[in-house]
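Visitor: Build me a model from this:
(one chain, ligands or ions: 1)
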Amino acid sequence: MTGRIIDGKAVARETEEEVAAEVRLLGFQPGLTAVRVGNDPASEIYVRSKAKKAEELGLRGEQRVFPDSMSEDELLAEIKRLNEDPSVDGILVQLPLPRQIDARKVIDAIDPAKDVDGFHPVNVGLLHLGRPVLAPCTPAGVMRLIDSTKIAIEGKHAVVIGRSDIVGKPMAALLLQRNATVTICHSRTANLESIVRQGDIVVAAVGKPLMVTGSMIRQGAVVIDVGINRVGPELAQRLAHDEAKSRLLAKNGSVLVGDVDYARAAEAASWITPVPGGVGPMTIAMLMRNTVTAARWRRQ
Ligand code: NDP
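Guide: As a prediction, the model looks like this:
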């Protein structure tokens, strides 16, 4: 079997079109405010593209940028102001934050009704209770990707590799809610290979290039690769069988790969996400989805 590719860009576009259509029907403009502290170049790109996407879909996208020297109290005061601003429906604070600021305190200070990242403890609790919630964007996006294959989730054995608060744990909760039988693996899991091999659905969210090998994938499994890793010539040999990646690596000196050995896993999988172009594009699309949902819940 050769896996069919789950086209994350196409599913993200579809989601965004849905969001834009919903905004047109709302009768008001939902507002998303992205807060960035400091000059981390990756954060700068993420925040800018989130605000830009919001505008593109008819939302009001605002960036609030503060210097690296901002104190925790100053940021908490800014969050309070945004919580109280009726025109702001969604607040997101781009992580990481500078060392003097406790990210946990900041997340806890966001009004759960405006927490479009779904990281506030109230939202984490609601998610695990199976109640309506602003779910974290990356795992919510993965659910859409799995649904796009039309493969039923109910009754399937889903193996999630990774247990972070932003991907692995909410991923497992969302799959459980849809009646999958869920196994969560992590760095202390014994016999990882044999567990992953039982997965009808495998979600890899580790951050270790190519750790999920082809032989770990059961025939016909749906494979979702959340990992994004930039690798250099040190991986040339392990990528030798993957013509497309090898070509890019030779040309650019580095290449993006996931946690899954895509070329080999695709030989066993029924469906598989590429990196890039799989899970990545879904995250921003789901953020827009959450902002509109937050706006509807709060204002209607
Ligand atoms: P974290 O580093 O927070 O979590 C990684 C998880 O992987 C941990 O639970 C860790 O276990 C587990 N792990 C580490 N080594 C192993 C191993 N050898 N075997 C099994 N499990 C292992 O990462 P994130 O969840 O934040 O992100 C994971 C990946 O997804 C990264 O590559 C990140 O870049 C990417 N990502 C992509 C997004 C997208 O939009 N596409 C969004 C968010 C993340 P333990 O808990 O025991 O330490």
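
Visitor: now the helices for the stretch 201-300 of the chain?
Guide: Assigned by DSSP state H, counting those that start in this stretch, the helices in the stretch 201-300 of the chain fall at 243-252, 262-268, 280-299.

Visitor: winner for burial among those?
Guide: helix 280-299 (a mean of 22; mean count of other CB atoms under 10 Å). Backbone N, C-alpha and C define where each C-beta goes, glycine included.

Visitor: mean confidence score for that one?
Guide: Averaged across helix 280-299, pLDDT comes to 97.

Visitor: which helices and strands sit right next to whatever helix or strand Ala140 lives in?
Guide: Taking DSSP states H and E as the definition, Ala140 sits inside helix 137-148. Helix 137-148 makes packing contacts with helix 8-26, helix 168-177, strand 222-225, helix 280-299 when contacts are defined by 3 or more CB pairs under 8 Å, 6 or more residues apart in numbering; DSSP states H and E.

Visitor: Spatially nearest residue to Val23, not counting backbone neighbours?
Guide: Gly58 (4.1 Å; CB to CB, 6 or more residues apart in numbering).

Visitor: what element comes up after the helix or strand where Arg64 lies heading to the C-terminus?
Guide: Arg64 belongs to strand 60-66 when assigned by DSSP H and E. Sequence order places helix 72-84 as the next helix or strand after strand 60-66, per DSSP H and E.

Visitor: so which residue of the stretch 201-300 of the chain comes closest to the ligand?
Guide: Gly207 (3.3 Å; CB to the nearest ligand atom).

Visitor: Would you mind confirming that that residue is in contact with Gly227?
Guide: Yes - at 5.6 Å, Gly207 counts as touching Gly227 under the criterion of CB atoms under 8 Å.

Visitor: so what's in contact with these two at the same time?
Guide: Asp259 (CB atoms under 8 Å, 6 or more residues apart in numbering).

Visitor: The two: who's more crowded?
Guide: Higher neighbour count among Gly207 and Gly227: Gly227, with 23 against 15, using other CB atoms under 10 Å.

Visitor: Now do the same contact list for that one.
Guide: Ala204, Ala205, Val206, Gly207, Lys208, Pro209, Val257, Gly258, Asp259, Val260, Val275.

Visitor: Local confidence estimate at it?
Guide: With respect to pLDDT, Gly227 scores 97.

Visitor: Skip the chain neighbours and tell me the closest residue to it.
Guide: Per CB to CB, 6+ apart, closest to Gly227 is Asp259, 3.1 Å.

Visitor: so how far is Ala269 from the residue of the stretch 201-300 of the chain closest to the ligand?
Guide: 21 Å (CB to CB, to the nearest Å).

Visitor: just checking, the residue nearest to Gly227 touches Thr213?
Guide: No - between Asp259 and Thr213 there is no contact, the gap being 10.6 Å when judged by CB under 8 Å.

Visitor: Who has more neighbours out of the two?
Guide: Taking other CB under 10 Å, Asp259 and Thr213 do not tie; Asp259 has more neighbours (23 against 14).

Visitor: who touches the lowest-mean-pLDDT helix or strand in the chain?
Guide: Least confident helix or strand of the chain, by mean pLDDT, DSSP states H and E, is helix 41-56 with a mean of 94. If you take CB under 8 Å, 6+ apart as the criterion, helix 41-56 is touched by 16, 32, 34, 36, 60-63, 65, 92, 94-96, 284-285, 287-288, 291.

Visitor: likewise stretch 204-219?
Guide: Against stretch 204-219 from outside (CB under 8 Å, 6+ apart): 1, 138, 160-162, 164, 167-168, 171, 192-193, 196-200, 202, 223-229, 231, 235, 238-239, 257-261, 263-265, 267-269.

Visitor: again, only using 6 Å
Guide: 161-162, 167-168, 193, 196-197, 225-227, 229, 231, 238, 257, 259-261, 264-265, 267-269 (CB atoms under 6 Å, 6 or more residues apart in numbering).

Visitor: can you give me the end-to-end distance of that stretch?
Guide: 17 Å (CA to CA, to the nearest Å).

Visitor: Pull the distance from it to the chain's centre.
Guide: For stretch 204-219, the separation from the chain centroid amounts to 18 Å (computed by CA atoms, centre = their mean, to the nearest Å).
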